[in-house]
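In: show me the folded form of this:
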Amino acid sequence: MSRVLIVRHGQGRGRLPGYFQDCIDALARSRPALHRSLSFWATGEAQPDLGGVGAVAFWLADPLKEMYPDCYLHARLLADAARERGIRLVNPPDALSNSIKTRQSRLWREAGLPTPAAHAFSSTDELAGLLDRMSLPVIVRPDHLHAQAGIRVCNTKDKAIEASKGLLPVPSLVVELQDVRSTWKRRDPGNLYAQLFHKKRSFILGPRVKAGHVFFATIPIVATQTCTFSPRWRQSKGLKDVPRPGMDQMSVDIDNAFGNGPPEHVELLQRAGQVLGLEYFAVDYSSDADGGIMLWESNPYFFLPPLRISMMPAARQSKARFAAIHAAVGDFLEDLAGDDTGGH
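Out: Next up, the predicted model:
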């Protein structure tokens, strides 16, 4: 069995210290043979010994080159050395800039994948010219950031320009709002997908796709902070962690069925990664009533919260679902190690 070298940010570098350590700890308990095949290297350290290494997996924040240039340079040196030895690279450093929103949109659209056209702008005048050719409402947001940071939905041109002033000179973009509820309202108006906005997340782990979750929200920006499972949202509505009958219970049931069920759109989601040079990432998207999807964004540095802070953990069966995601990551790492450890 070959060694798998996992690359993370060094101390004081990047973001999310000890990235995905909960998963590594779970694998140490459930698959000790696999865990023994793993080694770790942090950016900023001396270049590691690559003897016996069959694959290098870069667990680094994106966009790497633009946001963390020192870590990019260290990772790039390692990647070059690994390539010279014929070692497999997972999410190589240069691919970790393809999740920049405008670049991702262009690459996906050129490949014929369903995603909105994202337009970069560097001034309010440039944005104004773009808005003259676009349909409202639009979304204005930073180009390099994840987790809906700085994102604004704007119903008028003036509001979009005003929102941009809070972002510039940070690289920013504008995109037309895509409301997939319209297909559901036409076909099945009583469906929860017709009544609320939603966002799905799946994990692409090499040849495997693992369903993650479905979040619902009353506003177009569907995120951890805004969804109907969020403690903040539930407290504002006077709700507890126990779902109430009706739409609340329905959202939990749909989320559980998706997260515990078989993956969907496997070939399309894998293709989305191939176009970006990624094979280990999460992807966010929404489904329409006609069986299609709209891709929103890829995230090769996806965050899985510790179980203790998961949202509505009992109702959403978080313990079993997180364990299944950790197991899927373990399967992927076993593939990289090139040997069947039998899960032990």
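In: CA only for contacts and neighbour counts going forward, please
Out: Will do.
In: looking at this protein, which helix is longest?
Out: Taking DSSP state H as the criterion, the chain has its longest helix at helix 318-337.
In: ok, residues contacting stretch 224-243?
Out: Contact partners of stretch 224-243, identified using C-alpha atoms under 8 Å, 6 or more residues apart in numbering, comprise Phe215, Phe216, Ala217, Thr218, Ile219, Asp248, Gln249, Val252, Met311, Met312, Ala315.
In: could you dump the residues you listed into JSON lines with distance to Arg234 and secondary structure added?
Out: Converted to JSON lines, those look like this (distance: C-alpha to C-alpha, whole Å; DSSP: H, G, I helix; E, B strand; the rest coil):
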{"residue": "Phe215", "distance to Arg234": "13", "secondary structure": "strand"}
{"residue": "Phe216", "distance to Arg234": "12", "secondary structure": "strand"}
{"residue": "Ala217", "distance to Arg234": "11", "secondary structure": "strand"}
{"residue": "Thr218", "distance to Arg234": "12", "secondary structure": "coil"}
{"residue": "Ile219", "distance to Arg234": "14", "secondary structure": "coil"}
{"residue": "Asp248", "distance to Arg234": "10", "secondary structure": "helix"}
{"residue": "Gln249", "distance to Arg234": "13", "secondary structure": "helix"}
{"residue": "Val252", "distance to Arg234": "13", "secondary structure": "helix"}
{"residue": "Met311", "distance to Arg234": "10", "secondary structure": "coil"}
{"residue": "Met312", "distance to Arg234": "10", "secondary structure": "coil"}
{"residue": "Ala315", "distance to Arg234": "14", "secondary structure": "coil"}
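In: now the buried members of those residues.
Out: Phe215, Phe216, Ala217, Asp248, Val252, Met311, Met312 (16 or more other C-alpha atoms under 10 Å).
In: show me the two of these that sit farthest apart.
Out: Pairwise distances across those peak at 15.2 Å for Ala217 and Met312 (criterion: C-alpha to C-alpha).
In: note down every partner strand of the helix or strand Val56 falls within and its orientation.
Out: If you go by DSSP states H and E, Val56 is part of strand 53-58. Strand 53-58 pairs in its sheet with strand 3-8 (parallel), strand 88-90 (parallel), by DSSP bridges.
In: out of those, which is the most enclosed?
Out: The highest mean neighbour count among the strands paired with strand 53-58, using mean count of other C-alpha atoms under 10 Å, belongs to strand 3-8: a mean of 22.
In: and for it, what are the contacting residues?
Out: Residues from elsewhere that reach strand 3-8 (C-alpha under 8 Å, 6+ apart): 19, 37-43, 52-60, 75, 333, 336-337.
In: next secondary structure after it?
Out: Next element after strand 3-8 (DSSP H and E): helix 21-30.
In: mind listing what's buried along that next one?
Out: Buried residues in helix 21-30 (16+ other C-alpha under 10 Å): Asp22, Cys23, Ile24, Ala26, Leu27, Ala28, Ser30.
In: cool, stretch 304-315 as well?
Out: So stretch 304-315, judged by 16+ other C-alpha under 10 Å, has buried residues Ser310, Met311, Met312, Pro313.
In: ends of it, what's the gap?
Out: Start and end residues of stretch 304-315 are separated by 18 Å (C-alpha to C-alpha, to the nearest Å).
In: how about Gly273, secondary structure?
Out: Assigned with DSSP: H, G, I helix; E, B strand; the rest coil, Gly273 falls in the helix class.
In: that one contacts Asp284, correct?
Out: No. Using C-alpha atoms under 8 Å, Gly273 makes no contact with Asp284, being 12.0 Å away.
In: how about the contacts of stretch 224-243, which pair is most distant?
Out: Top of the distance list for these (C-alpha to C-alpha): Ile219 and Ala315, 22.8 Å.
In: on that earlier part again, any chance of the buried residues of helix 21-30 in CSV, with pLDDT and distance to Pro92 too?
Out: Formatted as CSV, the buried residues of helix 21-30 follow (pLDDT from 0 to 100; distance: C-alpha to C-alpha, whole Å):
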residue, pLDDT, distance to Pro92
Asp22, 92, 23
Cys23, 94, 21
Ile24, 95, 21
Ala26, 94, 25
Leu27, 95, 23
Ala28, 96, 25
Ser30, 95, 28
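In: columns distance to Gln178 on top of the residues you listed, output as JSON lines?
Out: Output for those, formatted as JSON lines (distance: C-alpha to C-alpha, whole Å):
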{"residue": "Asp22", "distance to Gln178": "35"}
{"residue": "Cys23", "distance to Gln178": "34"}
{"residue": "Ile24", "distance to Gln178": "37"}
{"residue": "Ala26", "distance to Gln178": "38"}
{"residue": "Leu27", "distance to Gln178": "39"}
{"residue": "Ala28", "distance to Gln178": "43"}
{"residue": "Ser30", "distance to Gln178": "42"}
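In: please enumerate residues in contact with whichever strand or helix holds His119?
Out: Using DSSP H and E, His119 sits in strand 118-121. Outside strand 118-121, the residues that touch it by C-alpha under 8 Å, 6+ apart are 101-102, 105-106, 127, 130, 143, 171-176.
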